[in-house]
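S.K.: Okay, predicted coordinates and the sequence, questions at the end:
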Amino acid sequence: MTRIVNYHKKEDEIKHRGTFLEKAKMVLKPKVNITTFTQYTFLNNFLELRNVIVHYNGKVKSSQPKIAKKLNCLNALKKIKGFTLKETENIKSIQYEVKIDDQKFLKYSLKQIEDFLNNLFQALKES
């Protein structure tokens, strides 16, 4: 995906702020609207999950910045079998811990990513 975005990015283009997916949306906008892909919302949520795992060791505290966005994304992923969000409470804050209990979640995630990339490739080929 990075290669695709870099290929379509203009040299004089101002750097876009935001998540990678938001940047990709802006760069690819003249050729394809990736927000229309059915997998776009899942990917947005999945990237937030990735950030929580990488930057917060799979745990989110209610005292962290942008907690509402993180929780909205993680709660959306709870609908997929094999993914849970364990809530614990202490005096200072509520903490949520990401749990991937089943391979079904990982297989579903890979399928969504594959379908998104296939749709992107097809749309770029047609434009």
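M.R.: That came in fine, so what should we check first?
S.K.: Excluding its own residues, what touches the helix or strand where Asn75 lies? List them.
M.R.: Applying DSSP states H and E as the criterion places Asn75 in helix 67-77. Helix 67-77 is touched from outside by 41, 44-46, 48-49, 52, 60-61, 64, 83, 85, 96, 98, 105, with contacts defined as C-beta atoms under 8 Å, 6 or more residues apart in numbering. The way it works is simple: take the backbone N, C-alpha and C, and place the C-beta from them, glycine included.
S.K.: just the buried members of the residues you listed?
M.R.: Buried by 16 or more other C-beta atoms under 10 Å: 44-46, 48-49, 52, 60, 83, 85, 96, 98, 105, out of those.
S.K.: rewinding a little: of all the contacts of helix 67-77, which two lie farthest apart?
M.R.: Pairwise distances across the contacts of helix 67-77 peak at 24.9 Å for Thr41 and Lys61 (criterion: C-beta to C-beta).
S.K.: can you count the residues close to the closest residue to Lys99 other than its chain neighbours?
M.R.: Setting aside the residues directly before and after it, Lys99 is nearest to Thr84 in space (C-beta to C-beta, 6 or more residues apart in numbering), at 4.5 Å. Residues near Thr84, counting by other C-beta atoms under 10 Å, number 16.
S.K.: Many thanks, have a good one.
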